[in-house]
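> Quick one, what's the 3D model for this:
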Amino acid sequence: MLSTCEVEIQDIAGSAVIAVKGDIDREAESIISSAYEQAIATDPRRVILDFASTEYINSSGIALIVSVLARARSEGRSVGAVGLSDHYREIFEITRLSDFIELFADLATAVAPAGPTD
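This next block holds a predicted model:
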């Protein structure tokens with residue numbers, strides 16, 4: 001089965017932004033993993049997952065996001081998320097993903113320079 005997931009990677013103000021379009025499910029694993037590899041090539045301190053164009057995330061997709069989060073954290077990178085619908089924001093809170101991924105209102109806020117506590 002072909003994935004209905006596409007990604008776009010940008011470096012914005014020293015943050016690696018991975019914009020995900022379509023569905024995040026089991027078929028998206030290689031696409032997201034490859035995108036993460038490309039995104040960290042410049043060794044950013046922060047990875048931002050942009051879900052503004054994400055249509056669907058199932059349990060396999062949540063597990064995939066957790067694996068990206070675990071890898072980033074083991075490499076000393078912070079992870080943020082933008083563009084979550086109210087539904088998926090609630091899922092991130094229920095699953096406690098929001099304890100480990102900072103949720104931002106918009107991309108501009110997510111890539112703003114961090115304060116002295118970063």
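> list the helices and strands the helix or strand hosting Ile62 packs on?
If you go by DSSP states H and E, Ile62 is part of helix 59-74. Packed against helix 59-74 by the contact rule (3 or more CB pairs under 8 Å, 6 or more residues apart in numbering; DSSP states H and E) you find strand 15-24, helix 29-39, strand 46-57, strand 78-82. Every residue, glycine included, has its C-beta placed from N, CA and C.
> That helix vs strand 46-57, what angle?
Relative orientation of helix 59-74 and strand 46-57, computed by axes from the mean of the first three to the mean of the last three CA atoms, to 10 degrees: 180 degrees.
> Measure how far helix 59-74 is from the centre of its chain, please.
Between the centre of helix 59-74 and the centre of its chain there are 9 Å (CA atoms, centre = their mean, to the nearest Å).
> That one: which residues count as buried?
For helix 59-74, the neighbour count (16 or more other CB atoms under 10 Å) marks 61-62, 64-65, 68-69, 71-72 as buried.
> angle of it against strand 78-82?
Regarding helix 59-74 and strand 78-82, their directions subtend 140 degrees when assessed with the same axes, to 10 degrees.
> ok and helix 59-74 relative to helix 29-39, angle-wise?
An angle of 20 degrees separates the directions of helix 59-74 and helix 29-39 when computed by the same axes, to 10 degrees.
> Now helix 59-74 - C-alpha only, CSV.
Taking C-alpha atoms only, helix 59-74 is exported to CSV below (Å, rounded to 0.1, in the frame of the first residue of the first chain):
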residue,chain,number,x,y,z
SER,A,59,-2.1,4.6,16.7
SER,A,60,0.8,3.5,14.4
GLY,A,61,1.3,7.2,13.6
ILE,A,62,1.4,8.1,17.3
ALA,A,63,4.0,5.4,17.8
LEU,A,64,6.0,6.8,14.9
ILE,A,65,5.9,10.3,16.5
VAL,A,66,7.0,8.8,19.8
SER,A,67,10.0,7.2,18.1
VAL,A,68,11.0,10.5,16.5
LEU,A,69,10.6,12.2,19.9
ALA,A,70,12.7,9.5,21.6
ARG,A,71,15.5,9.7,19.0
ALA,A,72,15.6,13.5,19.1
ARG,A,73,15.7,13.6,22.9
SER,A,74,18.5,11.0,23.0
